[in-house]
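Visitor: return atomic coordinates for the entry below.
(one chain, ligands or ions: 2)
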Amino acid sequence: MLSYHETLDIILNAATPRAPQKMALDHLTGLVAGETLTADALVPPFDNSAMDGFAVHSDQIAGTTRTHPVVLTVDGSTMAGDRPATGQRGAWEIMTGAPVPKAYDAVIRIEDSVILEQDDAGRPTRIAITVSGFPGKNIRKAGTDFAPGDRLLDKGMRIGPPQIMALAALGQDQVSVIPAPRAAVISTGKELVDDMDQPLKPGQIHNSNAPYLLAGLRAHDCPAVNAGTIFDDPEKFDQKINALRQQDFDLILSSGAVSMGRHDFIPDGLRRQGAEILCHKAAIRPGKPILFARLPDGAFYFGLPGNPIAAAVGMRFFAYPLIRKLRGQRPETPLIARLKNAFTKESPFRFFQKARCHRDSEGQLHVEVLPGQESYKISPLLQQNCWAVIPETGLNLRAGHLVDVYPLFPESEGGFL
Ligand SMILES: Nc1nc2c(c(=O)[nH]1)N[C@H]1C(S)=C(S)[C@@H](COP(=O)(O)OP(=O)(O)OC[C@H]3O[C@@H](n4cnc5c(N)ncnc54)[C@H](O)[C@@H]3O)O[C@H]1N2
Ligand code: MOO
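Guide: Numbers count the residues shown, from 1 in each chain. Ligands and ions are numbered 1, 2, ... in the order given. Just a heads-up that it's a prediction; the model follows:
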């Protein structure tokens, strides 16, 4: 049987990153940059005031204090959005974000002045300044946030709200990104009930895999649709795959029907479609029966095992890496944590364990393997914030041993750090 890494290599070697395309800012969140992008403009685009107050010549107010104020006329007013004024010899009323008139080199807050006279419209015409100033005080100089050439996006990085704000500030609307692969999720098994309002008949269970896989794919920025449940009928499987092949999905995931049972029809069904089965079964627990194939038109197919945690591990440790590769992202690197409890196993398989990580006061990560590792048990997921990986050779690991841990979602590391 192939090891985890042999299986992963087959999967990753089968895929090449999708071609980048230009997309508008509105659609970028969660996509991956298709090119390295630098700023081509100044932000702020002009020198502007950081405060509501008065633009002044700093040398006019050198040494000014509350007890020795300087009285100035106010020669004009500029608010944000006004064209830059030239300025005169006195002070100039100015609002936050307004261009500082060329004649001035400092802005004094309104709180650091006393209005002595106003015109009929309430505009200050004579003020006393009660603090001193220096060149640049309360002025946001052009280009002090971004200047041409500053790095905005690195090729292969995920675009999130911070990048959106920077791109918007620079007016860069069309960005080269790798389009997200599109996935469809199929469930198999005549015991499954999708309609939550329908009471279970003897022998039936609710379908929990499809909602989990759909949520997990979407949480990993992979748009996914529910392609429904086929019972244990190979003919229905053929019809379903034929229909999905018309819709240009990049990825199809099914759960169930890949193991040893008489009704485990997925491998034969895929062969009937002309699919190339690239691997089937890996030396891992849970999730051993996993199958990976390529359909004739290039879509990838994961036959995930039916037990819920086996399906979860298949998505996390095989489908997510494939999705990263299709999106042009670098492979994920694990975090390293100390085992809280000793761990023993009899099998030389690689184990993916439901686990909970925390950081101690010195910043060291500790990981507790949770009780309830059986692959039908969903309840530990509610305590779980990561997966602990026990390597093939880790038959007897002492407490304190360092192991790899992976957050539930690659982009959610901050969740427990
Ligand atoms: N003789 C053997 N039997 C089994 C082996 C084996 O090696 N030899 N492997 C076991 C392992 S490990 C797993 S995992 C399962 C995988 O089997 P299948 O992928 O063929 O899945 P099913 O038999 O269809 O279902 C297994 C289990 O999962 C439940 N299930 C299926 N789909 C869903 C769903 N959408 N939501 C919730 N639960 C689901 C299903 O009812 C079964 O209980 O095979 C072992 N057997
Ligand atoms: O994949 Mo099975 O236990 O390993 O549930």
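Visitor: okay, now the residue of the stretch 101-250 of the chain found nearest ligand 1: neighbour count?
Guide: Per C-beta to the nearest ligand atom, residue 209 is where the stretch 101-250 of the chain lies closest to ligand 1, at 3.3 Å. For glycine as for every other residue, the C-beta is placed from the backbone atoms N, C-alpha and C. Per other C-beta atoms under 10 Å, the neighbour tally for residue 209 reads 28.
Visitor: identify the residues contacting it.
Guide: Residue 209 makes contact with 187, 255, 256, 304, 306, 308, 311 under the criterion C-beta atoms under 8 Å, 6 or more residues apart in numbering.
Visitor: just the pLDDT for the third one.
Guide: The confidence metric pLDDT takes the value 95 at residue 256.
Visitor: helix/strand/coil for the nearest residue to it once chain neighbours are set aside?
Guide: Spatial nearest neighbour of residue 256, excluding adjacent residues (C-beta to C-beta, 6 or more residues apart in numbering): residue 306 at 3.2 Å. Following DSSP: H, G, I helix; E, B strand; the rest coil, we place residue 306 in the coil state.
Visitor: pLDDT score for residue 306?
Guide: pLDDT, residue 306: 96.
Visitor: close enough to count as contact, it and residue 255?
Guide: Yes. The criterion here is C-beta atoms under 8 Å, and residue 306 meets it with residue 255 at 5.3 Å.
Visitor: which of those two has more residues huddled nearby?
Guide: Using other C-beta under 10 Å as the criterion, residue 306 and residue 255 rank with residue 255 on top: 31 against 24.
Visitor: so how far is ligand 1 from that one?
Guide: Residue 255 sits 5 Å away from ligand 1, going by C-beta to the nearest ligand atom, to the nearest Å.
Visitor: is that residue in a bridge, and if so with what?
Guide: Beta-bridge pairing of residue 255 under DSSP bridges involves residue 187, residue 304.
Visitor: OK, contacts around it?
Guide: With C-beta under 8 Å, 6+ apart, residue 255 has these contacts: 185, 186, 187, 188, 209, 210, 213, 304, 305, 306, 311.
Visitor: now, of the residues you listed, which are buried?
Guide: Among those, the ones that count as buried by 16 or more other C-beta atoms under 10 Å are 185, 186, 187, 188, 209, 210, 213, 304, 305, 306, 311.
Visitor: TSV for those, including distance to residue 361?
Guide: Listed next are those as TSV, based on distance: C-beta to C-beta, whole Å:
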residue	distance to residue 361
185	42
186	47
187	45
188	48
209	39
210	42
213	38
304	40
305	40
306	43
311	37
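Visitor: contacting ligand 2 as well, which ones from those?
Guide: residue 305 (C-beta under 6 Å from any ligand atom).
Visitor: helices along the chain, start to end?
Guide: Counting by DSSP state H, the chain has helices at residues 4-13, 161-169, 209-219, 234-245, 266-272, 308-314, 320-326.
Visitor: check which helices and strands the first one sits against.
Guide: Same thing as helix 4-13. Where contact means 3 or more C-beta pairs under 8 Å, 6 or more residues apart in numbering; DSSP states H and E, helix 4-13 is packed against strand 276-280, strand 291-294, helix 320-326.
Visitor: list the helices and strands the shortest one packs on?
Guide: Spelled out, that is strand 291-294. If you count contacts as 3+ C-beta pairs under 8 Å, 6+ apart, strand 291-294 packs onto helix 4-13, helix 266-272, strand 276-280, strand 300-304.
Visitor: now do the same contact list for residue 113.
Guide: Neighbour list for residue 113: 53, 54, 127, 128, 129, 130 [criterion: C-beta under 8 Å, 6+ apart].
Visitor: nearest to residue 349, of these?
Guide: If you rank those by distance to residue 349 using C-beta to C-beta, residue 53 comes first, at 69.2 Å.
Visitor: does that closest one touch residue 112 like I think?
Guide: Yes. Residue 53 lies in contact with residue 112 (C-beta under 8 Å); the separation is 7.2 Å.
Visitor: more neighbours: which of these two?
Guide: Looking at residue 53 and residue 112 with other C-beta under 10 Å, you find the greater number of neighbours at residue 53, namely 24 against 21.
Visitor: tell me what the more buried one is bridged to.
Guide: Counting by DSSP bridges, residue 53 forms beta bridges with residue 94, residue 109.
Visitor: check the gap between it and residue 136 for me.
Guide: Residue 53 is 14 Å from residue 136, where distance means C-beta to C-beta, to the nearest Å.
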